[in-house]
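# what would the 3D arrangement of this be:
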Amino acid sequence: MNLYTAVPRSDVTTASPVLASVPARTPSKYVFTPALAREMEPIYERVKNVVTPMEWMQYAPLVKEINELKKERNAVILAHNYMTPEIFHCVGDIRGDSLQLAKEAARVDADVIVQAGVHFMAETSKLLNPDKTILIPDMAAGCSLASSITAEDVRMLRDAYPGVPIVTYVNTSAAVKAECDITCTSSNAVKVVESMGAPRVLLIPDQYLAKYVATQTKVEIITWAGACEVHERFTGAELDAYRVSDPGIKIIAHPECPPDVIAASDFTGSTAAMINWVKDNRPKKVVLVTECSMASNVAAETPDVEFVRPCNLCPHMKRISLEKIRDSLLYLQHEVHVDPEVAVRARRAVERMVNLTN
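Numbers count the residues shown, from 1 in each chain. Alright, predicted model coming up:
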């Protein structure tokens with residue numbers, strides 16, 4: 001591979017505090033050189049199966065700059081599984097699904113937490129770390145599922161179903177969490193629902209997760225008509241077509257998918273469970289029925305497995321890039337705040353889940 005020169009650039013200056021709210025569009029202070037390539041080779045080893053040498057020439061200077069800024073800021077990056085590999089494997093300090101990130105967010109020893117994920121995740125980090133600076137690289141990184149329900153909707157449900165416990169998926173705003181009894185993730189939803197000790201439970205807002213949980217418990221599940229725009233696009237007919245083309249293929253699905261997708265799958269589980277299934281079973285060829293970047297992240301660690309990718313991308317997750325993470329650390333933007341009164345009640349719901357699963 002022909003490599004270019006890597007030296008600190010003299011034409012890049014640090015922005016003044018006055019410009020802290022202005023998104024930077026400056027290039028990295030480093031450029032790709034043979035020396036930088038040698039220095040960054042151990043990091044590239046992590047992703048060389050899914051990131052081309054040409055792509056790495058663009059990413060490596062930013063990865064180096066971000067990792068330096070983390071030390072300067074005493075910062076950590078929480079990277080969700082749906083981040084692209086150069087983020088997930090190369091700058092993420094704590095990596096995982098919503099439950100893993102929620103647990104680790106409560107234990108991090110840092111002044112600054114950068115959430116490489118969407119806004120509700122950053123809010124959750126703030127709930128569990130009220131005295132720390134929580135940053136999200138792009139404030140527009142939202143979530144279709146979180147947007148499907150409001151705090152007012154939950155209060156309406158309380159009135160409609162008096163005495164029925166309300167469990168909310170963590171994919172919701174802090175304001176919604178504050179109105180609920182406890183949160184859950186796809187990996188612990190059944191356990192959380194049954195911990196309520198009630199014959200009926202409201203499980204909001206994902207209708208498909210609720211339908212899946214209903215098949216795993218005797219508790220009557222009442223839900224809300226929300227859905228993830230990525231997972232609801234998959235269809236059972238689509239998966240049947242994969243089986244026709246290759247009868248030996250293995251299909252594993254996330255429980256946010258519609259029932260016909262789950263019925264057509266070999267295994268259904270949370271993000272973490274899907275990853276562990278691939279690592280434990282090492283299928284020759286597999287379809288991960290979830291956000292596309294997760295397949296790339298798992299493929300980086302399982303080069304012996306062939307991934308067939310029905311590439312549904314989350315447009316919100318894809319707002320997060322190396323450039324925006326660098327800018328977030330450089331300018332300490334964009335800080336996430338939660339109203340103190342809302343935070344007290346929302347934190348209680350999240351901590352109940354964390355304590356239960358611990």
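# which stretches of the stretch 1-150 of the chain form helices?
With DSSP state H, counting those that start in this stretch as the criterion, the stretch 1-150 of the chain has helices at 34-47, 53-73, 85-88, 98-105, 119-128.
# which of these has the lowest average pLDDT?
Lowest mean pLDDT of the helices of the stretch 1-150 of the chain: helix 98-105, a mean of 79.
# send me it as PDB with only the CA atoms.
Written as PDB, here are the backbone C-alpha positions of helix 98-105 (Å, rounded to 0.1, in the frame of the first residue of the first chain):
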ATOM      1  CA  SER A  98     -28.400  -0.200  25.200                       C
ATOM      2  CA  LEU A  99     -28.200  -2.300  28.400                       C
ATOM      3  CA  GLN A 100     -24.400  -2.600  28.300                       C
ATOM      4  CA  LEU A 101     -24.000   1.100  27.700                       C
ATOM      5  CA  ALA A 102     -26.500   2.000  30.400                       C
ATOM      6  CA  LYS A 103     -24.700  -0.100  33.000                       C
ATOM      7  CA  GLU A 104     -21.300   1.100  32.000                       C
ATOM      8  CA  ALA A 105     -22.400   4.700  31.900                       C
END
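# tell me the contacts of the most centrally placed residue in the chain?
Centroid check for the chain by CA atoms, centre = their mean gives H80 as the closest residue, at 3.1 Å. Residues in contact with H80 (CB atoms under 8 Å, 6 or more residues apart in numbering) are F88, R95, G96, D97, S98, L101, A116, G117, V118, M121, M317. Every C-beta, even on glycine, is put in place using the N, C-alpha and C of the backbone.
# for the nearest residue to the fourth one once chain neighbours are set aside, give me the pLDDT.
Spatial nearest neighbour of D97, chain neighbours left out: T271 (3.7 Å); criterion: CB to CB, 6 or more residues apart in numbering. For T271, the model assigns a pLDDT of 87.
# cool, N129 as well?
89.
# again, but for R25
At R25, pLDDT is 57.
# ok so, going back, next, format the helices of the stretch 1-150 of the chain as a markdown table and append distance to V164 and mean neighbour count.
Shown next, in a markdown table, are the helices of the stretch 1-150 of the chain (distance: least, CB to CB, whole Å; neighbours: other CB atoms under 10 Å):
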| stretch | distance to V164 | mean neighbour count |
| --- | --- | --- |
| helix 34-47 | 46 | 16 |
| helix 53-73 | 44 | 18 |
| helix 85-88 | 38 | 25 |
| helix 98-105 | 24 | 22 |
| helix 119-128 | 23 | 26 |
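# so which of those helices is nearest F307?
Across the helices of the stretch 1-150 of the chain, F307 has its closest neighbour in helix 85-88 (12.3 Å, CB to CB).
# which neighbouring elements make contact with the closest one?
Judged by 3 or more CB pairs under 8 Å, 6 or more residues apart in numbering; DSSP states H and E, helix 85-88 is in contact with helix 53-73, strand 75-80, helix 292-301, helix 322-331.
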